[in-house]
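Colleague: Got a predicted model here, sequence first, then my questions.
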Amino acid sequence: MSFTRLSNARGRAAFRGALAVTCACAIAAGCDGRSTPAAVTGPLPQATRPAAVETKPARLDAILSAPLLPVGERVRLDVFVRDGAGALLGNRDATVEIDTSVLVVDSIGTFPMTSNGVTYAQSRWVLRAKRVGPSVVRVSIGGLTTSAQFESLPVNAGGGPLTITSFRVVEYREACAWNCPYLMYAPLVELREVTGAANASVRGMRIDIGEHTTGWCGGNTVDYRSGEQSQLIGFDPYPWANDILLASLNGIPFPAERATVLLLVIDAQGGRSFLTATGPVERMEHRPALPGPRPNAGWTCN
């Protein structure tokens with residue numbers, strides 16, 4: 001098993017990477033998650049906290065956006081460092097160890113973070129699963145260590161307790177207080193639990209409209225009761241509060257006429273399977289009746 005250490009210590013160059021500003025928002029603004037990292041930029045300056053304030057790391061958390069995902073997809077690693085009072089500290093001195101036989105670094109993004117009036121340079125790692133199998137991501141900083149479990153899965157669609165009864169993407173123009181050009185793309189995925197005997201859940205998804213994609217979305221679970229048939233994705237009336245809603249901010253329509261969806265399904269016994277479907281992009285619907293948001297149904301997309 002081969003491991004590599006990734007130290008993003010102060011003074012090293014930081015990659016802005018695929019996490020462009022439009023992708024970092026809750027809305028997926030038509031970003032292509034398969035793009036390559038951007039050019040190298042200089043490290044952000046580090047502000048100095050007052051000497052009287054405790055700055056020693058006391059707590060370390062490493063969070064993967066999707067602990068389960070298909071091979072070839074990306075997963076985001078967020079590292080949070082806190083002092084004894086619980087205030088966030090910068091994480092750029094953190095060292096990340098990965099099993100390079102399973103994972104590779106896709107990009108490292110750096111952005112400013114302000115805590116208790118002090119600005120730090122915060123780093124975010126994007127990893128890509130290059131083969132099927134389990135792995136452990138280890139993180140250390142200031143004498144603290146932690147780890148996060150990860151597994152990449154083969155995509156063998158079919159079977160399982162859920163079926164896709166309908167799938168389509170609705171294109172519509174967003175109504176703004178000003179004459180904005182925004183075109184929105186809402187994926188509507190209806191599922192049904194077919195066994196009638198047990199619950200099942202969706203643990204991850206990806207929506208593609210031609211070259212435009214949400215990337216792999218994880219970090220959440222949507223449960224389906226025995227025999228339930230309902231929409232998987234709900235939408236908040238405020239567009240920027242949505243996780244799985246794509247947008248053309250310049251008003252140029254996405255050219256693809258068809259879209260695809262890939263879902264990771266977990267049955268009551270822990271069995272894992274994938275569902276996939278292709279559906280139409282329905283153009284310029286006027287004030288479409290979209291399903292309302294599901295409670296506690298936030299996703300993290302890469």
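Modeller: Ah, there it is.

Colleague: need the helices for this structure, in chain order.
Modeller: Along the chain, the stretches classed as helices by DSSP state H are 21-24.

Colleague: now it, which segments are flagged as low pLDDT?
Modeller: Within the chain, the stretches with pLDDT under 70 are 1-54, 157, 296.

Colleague: switch to 80 and redo it
Modeller: Residue ranges of the chain with pLDDT under 80: 1-55, 157-159, 295-297.

Colleague: Any idea what the residue nearest to Pro67 when sequence neighbours are not counted is bridged to?
Modeller: What sits nearest to Pro67 in space, not counting adjacent residues and going by C-beta to C-beta, 6 or more residues apart in numbering, is Phe150, at 5.6 Å. Glycine gets a C-beta too; all of them are placed from N, C-alpha and C. Note on Phe150: beta-bridge partners by DSSP bridges are Ser135.

Colleague: which residues does Phe150 contact?
Modeller: Leu64, Pro67, Val75, Val102, Leu103, Ala129, Pro134, Ser135, Val136, Val137 (C-beta atoms under 8 Å, 6 or more residues apart in numbering).

Colleague: Quickly name whichever of those residues is closest to Thr278.
Modeller: Using C-beta to C-beta, Ala129 comes nearest to Thr278 of these, at 23.8 Å.

Colleague: Please tell me how far the closest one sits from Arg287.
Modeller: Distance from Ala129 to Arg287, counting by C-beta to C-beta, to the nearest Å: 40 Å.

Colleague: Settle it for me: which of these two has more neighbours?
Modeller: Ala129 (23 against 8; other C-beta atoms under 10 Å).

Colleague: I'd guessed the more buried one sits against Ser101; true?
Modeller: No: the pair Ala129 / Ser101 is not scored as a contact, 10.9 Å apart, by C-beta atoms under 8 Å.

Colleague: got the contact list for Lys130?
Modeller: Lys130 neighbours (C-beta under 8 Å, 6+ apart): Val71, Gly72, Val102, Leu103, Val104.

Colleague: Now, of those, which are buried?
Modeller: Val102, Leu103 (16 or more other C-beta atoms under 10 Å).

Colleague: mind checking how far Val261 is from Val104?
Modeller: Counting by C-beta to C-beta - Val261 and Val104 are separated by 26 Å.

Colleague: now swap in Ser273 and tell me
Modeller: For Ser273, the distance to Val104 - C-beta to C-beta - is 26 Å.
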